[in-house]
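>>> coords please:
(2 chains)
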Amino acid sequence: MAVQPEVQKKGLLSSALGVADDVFTRITAGISAGEFRRMLRGEPPGRPNPRLKPHSEAFLLHIKPTYYHESVTRFTHTFRLGLLSTYLFFVETITGIFLMIWYAPSPDRAYDDMIRLLSDVPFGQFMRDLHRLGAEMMVAVVTLHMVRTYLTGSYKAPRQFTWFTGVVLLFITLFLSFSGYLLPWDQLAFWAVTIGTSMAEAVPPQIVGETVNLLARGAPDIGANGLLRFYLLHVFFLPLLLFLFFFVHYYKVVHFGISLPAQEEEVGQDTADKVPADRRVYFLPDVMIDETSLLIVFTAILIVLTAFFFQAPLESIANPQVTPLHTVSPWYFYWLQGLLKIADKVIAGVILPGILLVLLAAIPYLDPNPSRRGKDRRVAIISGIVAGVVMIILSWMGTPQYAVEGAPSVEVVQELMPEEGAGHVREAGYAHMPVGLWDTREPIPHDDPEFAHIMEVYQASIEKWMERDPDFNMAYGFMDITQDQPNLKKIRWELHWFTSEGEAETFERYFFLHRDAMYWEEYGFRDFRWLTESREGE
Amino acid sequence: MHKPWYSIFYIQSPIAKIVWGIFGVVLSMVVILFVLATEETRMMAQTGNWEGRSIEHGAALYSGNCASCHGNHGQGEPGPALNSNYFFTQRLDDLAFAGTLEDYVSLTITAGRPSKTNGQWAVMMPTWSARHGGPMRDDQVLNVTAYVMNWEEEALAQSPEEDPWITFLDTPGDLGPSGVPPVTQPVADVEEGEVRAPDQIFASLACAACHNLLEPQTEDNRGPVGPNMGNLDEVAATRVEGMSASDYVHQSIVEPNAHVVASYMPNLMPAGLADRMTEEELNGLVEWLLDPDRAQ
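All right, here's what the predicted structure looks like:
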């Protein structure tokens, strides 16, 4: 064997060290132990730079540039938003694969699977919350990435096509998020997606719209076929498409280099791919340490948010017969919902978003200004800000605050105890709802601060609607709490008021509340009462 | 080079970055360990949560669909009582049903029960499940089942006197030697010799399940299962030629199928009602039903 003569020649210790160094170098794809030590000490590389070897040896590193321009490694130049978007895609893939283990895309099972995931699977809720939070963050981060690129003018020559693929990626991200929305098969999902796909139906001419709608839903209405199609889009088709466009996008980014801060170049110049030797920051080790530590800290933030500040909603099972009051889309489509409120479905749902998307993709080809400097781009920057403000206003109009108010009595009850979701009463919970008949005209008679708060909100809400609605006068309400069954209370709402013509009107509605039921809001500090509450009698 | 004000926040030192990275790892581990430590409690709370929500949904469905027959509080009348000690302890044995009570309840909601034309449950239990032409999805049947089962605690605490259960006429094992169901007394026993008031009999035999005492019976206001009785004093004498009003009502109770009002189903009105009262009580009931000033 070859080992023996070598040991005889060099001695045991130095042969062993040689083998160890060899193994180390293979693991690091070309960095020897000595070079690694020099890296840790912060010493400059030798010449030729041995730290470039992993970029040619290792697949994952060969797609990373070997060095960056010092100016673009500053955090505030890019905020590392592209890196974070990519990272979030991997977070989504990994958590998504875990969720797929306990999920079957069929209306008979999907909702039960969600409940089983939350109740019986260790870390099941954590995975689901992380997946949902990651998805919403991905939409936000990808959008911010685009805003940053727009504001620094980085879409200009030669990066027009990079921007175009970026817009495609934004579009795919939105649809990935939206297609995942249906999968829990609850009321929130079902109605948001029903509204969303009904826009496809509005595409003119009618035959096209109907066909598109039929293809997306698999039937005139969303059902088993629609769920399966959205599932396949979500876990298969869209991720593949995103994967493809990601590599095109990233190849272009590396090929042209990240654009330098505009002040460092002449107008119309692009020197990003010619980095002077004294301005180079090598990927190994500097950028790698920077990116890795950023991703670790970002992961820690994600985990803390998931554990304490975010809970993915799950409402009642999808019911095509009952549309809940105030159906809303996910927040990143609020602007579209706002548009739909002020304009016709064809214009607001199809033509305007279509034009918007084409314009967005075509920005680099439409903008004739060669300068990337802020002071030369006043029109572009101001119109960008105006577009942002319009989006925010439209988003506000998309919330139930704007123009979909129901009758005052309905809205009062909706605020306290909505048809779906939490609301004040369910958040306070069973224990804080004392049995009795409570009247808003009387002083709040209870020493439980949580219940007193609910009565205050009840009174204030009635006051507010009396000011707003001339047909809602001299209003007062009851809350009748009775024990319906062991551990189950019935909460009956009764409102009385007079119309402007002096006619007396009443409204009545009741809900049930179980001791063990927990309701939560999506955002905000998590309710940990289940940790401390004794669960006697079980 | 020009340095912006926020450059003080830049982390230049790789050591500082590594320290931040280590801090991130430690923080993540701590949080994940916390989640791990509380995971079992959380899963239990979630299990309770979804059972609770199921009962809430069941309660809403029950009060909309079931309460009219089984009572707001499961006390029964006209349908069988559900919030009943007997129901939770004895019912399955008497039926010789092999499954659990939960199975029995969901089965009954799903597939209904045959009409007991000779018993006192004159209104049949419909097939509620969409699988059998009813309005409810499977999950809704399970919700209503969860709600009914939630009476257990309350029902088990009932004393026999409080139990609202009314024994079926044909409870297996109660059949006499002739095979004819014997007269079964309602659970609330009547003392020997006591004459019950007619309205009390009307209520305890669940006549109101089919007969409305307030609404008049007219062409466009017909009782859905049995004729309305608001104007019985005017109508009764016209039903059968040559029969007085009191004879007609008397006969209708003793022999329900002797004359069935047009477009109503025969065999729906239970036979044997007269066996459950004395002759004196029966006459009182007839007189009361025909009293034009009868309040209810």
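
>>> I'd like the next helix or strand past the helix or strand bottoming out on mean pLDDT in chain B.
Least confident element among the helices and strands of chain B, by mean pLDDT, DSSP states H and E: helix B:198-204 (a mean of 76). Downstream of helix B:198-204, the next assigned helix or strand under DSSP states H and E is helix B:232-239.

>>> now the angle from the helix or strand that that following helix is followed by to helix B:232-239?
Using DSSP H and E, the helix or strand that directly follows helix B:232-239 along the chain is helix B:245-254. Using axes from the mean of the first three to the mean of the last three Cα atoms, to 10 degrees, the inter-axis angle of helix B:245-254 relative to helix B:232-239 is 90 degrees.

>>> what comes up buried for helix B:245-254?
Neighbour-count burial for helix B:245-254 flags B:Ala245, B:Tyr248, B:Val249, B:His250, B:Gln251, B:Ser252, B:Ile253 (criterion: 16 or more other Cβ atoms under 10 Å in any protein chain shown). To be clear about C-beta, it is placed using only N, CA and C from the backbone, and glycine gets the same treatment.

>>> residue contacts, the most centrally placed residue in chain B?
Centroid-nearest residue in chain B: B:His70, 3.0 Å away (criterion: Cα atoms, centre = their mean). By Cβ atoms under 8 Å, 6 or more residues apart in numbering or on different chains, the residues touching B:His70 are B:Tyr62, B:Gly76, B:Gly79, B:Pro80, B:Ala81, B:Leu82.

>>> which ones are touching residue 72?
Because you didn't say which chain, this covers chain A. A:Thr78, A:Gly257, A:Ile258, A:Ser259, A:Leu260, A:Pro261, A:Ala272.

>>> chain B was what I was after
Here B:Asn72 is in contact with B:Ser63 (criterion: Cβ under 8 Å, 6+ apart).

>>> three-state assignment of it?
coil (DSSP: H, G, I helix; E, B strand; the rest coil).

>>> show the backbone phi and psi for it.
When quoted as degrees, to the nearest 10, the phi and psi of B:Asn72 stand at phi -60, psi -30.

>>> show me what the least confident helix or strand of chain B is packed up against.
Contacts defined by 3 or more Cβ pairs under 8 Å, 6 or more residues apart in numbering or on different chains; DSSP states H and E place helix B:198-204 against helix B:279-289.

>>> what's the angle from the helix it packs on to helix B:245-254?
Using the same axes, to 10 degrees: helix B:279-289 against helix B:245-254 is 120 degrees.

>>> which positions in helix B:279-289 come out as buried?
In helix B:279-289, counting by 16+ other Cβ under 10 Å, buried: B:Glu281, B:Leu282, B:Gly284, B:Leu285, B:Val286, B:Trp288, B:Leu289.

>>> how far out from the middle of the chain is it?
30 Å (Cα atoms, centre = their mean, to the nearest Å).

>>> just the CA atoms of that helix, as CSV, please.
Once non-C-alpha atoms are left out, helix B:279-289 reads as follows in CSV (Å, rounded to 0.1, in the frame of the first residue of the first chain):
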residue,chain,number,x,y,z
GLU,B,279,-112.3,8.7,30.3
GLU,B,280,-112.9,11.7,32.5
GLU,B,281,-109.7,13.3,31.4
LEU,B,282,-110.5,12.5,27.7
ASN,B,283,-113.9,14.2,28.0
GLY,B,284,-112.3,17.2,29.7
LEU,B,285,-109.8,17.4,26.9
VAL,B,286,-112.5,17.3,24.2
GLU,B,287,-114.5,20.0,26.0
TRP,B,288,-111.4,22.2,26.4
LEU,B,289,-110.4,21.8,22.8
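
>>> redo the contacts of B:His70 as CSV? Include secondary structure, neighbour count and distance to A:Phe178.
As requested, the contacts of B:His70 are exported to CSV (DSSP: H, G, I helix; E, B strand; the rest coil; neighbours: other Cβ atoms under 10 Å in any protein chain shown; distance: Cβ to Cβ, whole Å):
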residue, secondary structure, neighbour count, distance to A:Phe178
B:Tyr62, helix, 23, 36
B:Gly76, coil, 20, 50
B:Gly79, coil, 21, 47
B:Pro80, coil, 24, 49
B:Ala81, coil, 22, 50
B:Leu82, coil, 24, 44
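
>>> so which of those residues are also by chain A?
Among the contacts of B:His70, no residue is within reach of chain A (Cβ under 8 Å from any Cβ of the partner chain).
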